[in-house]
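> this one's structure only:
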DNA sequence: AGCGAACTTAACAAGGTCGTCAATTCCCGG
DNA sequence: CCGGGAATTGACGACCTTGTTAAGTTCGCT
């Protein structure tokens, strides 16, 4: 909408902080995360982001260089966040089965608690990874968690807990698929029998269910 | 005011269409499916749809009543398609384990072969089911497949093939989650180790994998 | 204090989108 | 042949979007 805000010079704006370079940047980025996650790339409006931050569209273009670079910064930000959260996982000292269970539960909870992240990932996939291709940093985000899984699986195989042909990437994919579906498809799927999903659903039960599915599958005996 | 799909009131052999009303309607709808699936609701352009059909935007608004009603018609169309395809599944005469395997394989293949459907479902979920709520027909689309699953699972439980607490909705959710993930997340996930997914991935291997996961989970012994 | 640079604001221009309306063509039945 | 209504066209108006630019403000440093 046409911003027809007329304010006398020296009134309310005078009380504003003199300078806030990095703080403003961070605030804009946070608002952009919310807006892009909520409305997608096309649906998101620079004015809406500006409105969330008490700044103007021109200022956003001053800090970032436009809509697309801002969106890329958003993607890199949320991916960096989950990577850091994953790094806090300490599973090397757990027995393989418990380690897998912890990884599954962490991943499941992270998706439930960070719906913005999930929505951004989905949006980027809907865009066929168009923007992601331009960021080299986003190419290897999944590697740490897969390597962690690989070490745990190898330990489990050495003990005979897991089947010999278990593949870390397949396992990660199954975990992510089952964990994300609750969040991503909660509207079309939840309409079925009014069964709530996502954060409002039966989180505890479903989290245990996903862990059971993965562990049953990883078990030593191949499919009969 | 017959705004909805109202055909000729009586079936008369002599009655003929003045021009090409239904043919154009169908062509517009098909183009709209492709455009909405490709670019999402906001990203889709009515002019682009018109361009795909050698017609004009005004004509689309003549047949349908605007962008949103058209989008709803698209949703109802693709959901009707999958429901009809599912109805062709004949699993009542199969043994429970084989029946589950067939259902999984059908669902998996349908997603791979109908990426448009999957993308539309994802888009609608990203929109928080905004448009879907207005269509009463879309409220019960998942019911047939879940009921089919319920009958198969009940048979399997009676034989002792499946665990007693298996829930059809949970099973359907797991199948859908694993099947959709390949298609929906192929870009962000496929970038990992350049492992192709979706229709270009190792379809046969992954399809069998999903069936194994489901059947292992359904197996009679609970998680040990 | 004064200067340069960072920061902020308001306004503009170009482009794109959608829905509608009056006018026109086309076909069919009388 | 001709009226009438369905089908189709072109054009208009209102709205929203983004990026830029020129002017103003504030700050840090010398």
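Nice, thanks for sending it over. The shown structure was predicted, so the numbers you read here are calculated from the model rather than taken from an experiment. Numbers count the residues shown, from 1 in each chain, chains lettered A, B, ... in the order given.
> Once you drop chain neighbours, what's closest to residue A:122?
The spatial neighbour of residue A:122 that comes closest, neighbours along the chain excluded (Cβ to Cβ, 6 or more residues apart in numbering or on different chains), is residue A:184 at 5.5 Å. The C-beta positions use only the backbone N, C-alpha and C, and glycine is treated the same way.
> May I have the predicted confidence score for the one you found?
Listed pLDDT for residue A:184 reads 97.
> can you tell me which residues contact it?
Residues near residue A:184 by Cβ atoms under 8 Å, 6 or more residues apart in numbering or on different chains: A:118-119, A:122, B:122, B:125, B:184.
> so which of these is the most crowded?
Most neighbours among the contacts of residue A:184, by other Cβ atoms under 10 Å in any protein chain shown: residue B:184, with 29 neighbours.
> The residue nearest the centre of chain A: which element?
In chain A, the centroid-proximal residue (Cα atoms, centre = their mean) is residue A:117; its distance is 2.6 Å. In this structure, residue A:117 is located in helix A:115-126 according to DSSP states H and E.
> what residues does that helix touch?
With Cβ under 8 Å, 6+ apart as the test, helix A:115-126 has contacts from A:33-34, A:36-38, A:40-41, A:74-75, A:78, A:81-82, A:110-111, A:130-132, A:180, A:183-184, A:198-199, B:40, B:119, B:122-123, B:125-126, B:184-188.
> domain parsing for chain A?
A:20-64, A:72-218 (automatic domain parsing).
> The last one: end-to-end distance?
Looking back up the chat, that one is domain A:72-218. End-to-end distance for domain A:72-218, by Cα to Cα, to the nearest Å: 36 Å.
> chain center to the least confident helix or strand in chain A by mean pLDDT, what's the gap?
Least confident helix or strand of chain A, by mean pLDDT, DSSP states H and E, is helix A:186-190 with a mean of 90. How far helix A:186-190 lies from its chain's middle: 19 Å, per Cα atoms, centre = their mean, to the nearest Å.
> And for stretch A:130-144?
Worked out by Cα atoms, centre = their mean, stretch A:130-144 lies 13 Å from the chain centre.
> before we move on, what about stretch A:78-95?
Distance of stretch A:78-95 from its chain centroid, counting by Cα atoms, centre = their mean, is 14 Å.
> Quickly note the distance from the residue nearest to residue A:122 to residue A:59.
To residue A:59, residue A:184 is 33 Å away according to Cβ to Cβ, to the nearest Å.
> Ok, residue A:87 next?
34 Å.
> wait, residue A:104 sits on residue A:212?
No: using Cβ atoms under 8 Å, residue A:104 makes no contact with residue A:212, being 9.3 Å away.
> Between the two, which has more neighbouring residues?
Set residue A:104 next to residue A:212 and count neighbours by other Cβ under 10 Å: residue A:104 wins out with 23 against 15.
> mind listing what's buried in the longest helix seen in chain A?
If you go by DSSP state H, chain A has its longest helix at helix A:21-43. The neighbour-count check on helix A:21-43 (16 or more other Cβ atoms under 10 Å in any protein chain shown) flags A:24, A:28-33, A:35-37, A:39-41, A:43 as buried.
> can you map out the helices along chain A?
A:21-43, A:46-53, A:57-63, A:67-87, A:96-113, A:115-126, A:143-159, A:168-184, A:186-190, A:203-218.
> So which other helices or strands are in contact with the last one?
Right, helix A:203-218. helix A:96-113, helix A:168-184, helix B:203-218 (3 or more Cβ pairs under 8 Å, 6 or more residues apart in numbering or on different chains; DSSP states H and E).
> Can you add distance to DNA strand C and give those back as TSV?
Shown next, in TSV, are those (distance: least, Cβ to the nearest atom of the strand, whole Å):
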stretch	distance to DNA strand C
helix A:96-113	31
helix A:168-184	25
helix B:203-218	35
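> Buried deepest among those, which one?
Of all the helices and strands packed on helix A:203-218, helix A:168-184 has the most neighbours on average by mean count of other Cβ atoms under 10 Å in any protein chain shown, namely a mean of 22.
> Any idea how far that helix is from the middle of the chain?
For helix A:168-184, the distance to the chain centre is 13 Å (Cα atoms, centre = their mean).
> follow-up on the earlier one: so for DNA strand D, which of the helices and strands packed on helix A:203-218 sits nearest?
Across the helices and strands packed on helix A:203-218, DNA strand D has its closest neighbour in helix A:168-184 (24.1 Å, Cβ to the nearest atom of the strand).
> between that closest one and helix A:203-218, how big is the angle?
For helix A:168-184 against helix A:203-218, the angle by axes from the mean of the first three to the mean of the last three Cα atoms, to 10 degrees is 160 degrees.
> how far off helix A:96-113 does helix A:168-184 point, in degrees?
30 degrees.
> hang on, the earlier thing: just confirm yes or no for the least confident helix or strand of chain A near chain B.
Yes: Helix A:186-190 is in contact with chain B by Cβ under 8 Å from any Cβ of the partner chain, via A:186-189.
> In contact with residue A:45, which residues?
Here residue A:45 is in contact with A:35, A:39 (criterion: Cβ under 8 Å, 6+ apart).
> Could you measure from it over to DNA strand C?
Residue A:45 sits at a distance of 11 Å from DNA strand C (criterion: Cβ to the nearest atom of the strand, to the nearest Å).
> Torsion angles phi and psi at that residue?
For residue A:45, the backbone dihedrals (degrees, to the nearest 10) come out as phi -120, psi 130.
> remind me which residues of chain A are low pLDDT?
Applying pLDDT under 70 to chain A flags residues A:1-21, A:221-224.
> repeat that for 90
Residue ranges of chain A with pLDDT under 90: A:1-24, A:54, A:134, A:136-137, A:139-142, A:189-201, A:220-224.
> wait, doesn't residue A:134 sit right on residue A:69?
No: shown here, residue A:134 and residue A:69 do not form a contact pair, counting by Cβ under 8 Å, at 9.3 Å.
> returning to that earlier point: now distance to residue B:205 too, for the helices of chain A, in CSV please.
Formatted as CSV, the helices of chain A follow (distance: least, Cβ to Cβ, whole Å):
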stretch, distance to residue B:205
helix A:21-43, 33
helix A:46-53, 43
helix A:57-63, 46
helix A:67-87, 27
helix A:96-113, 22
helix A:115-126, 21
helix A:143-159, 18
helix A:168-184, 9
helix A:186-190, 26
helix A:203-218, 14
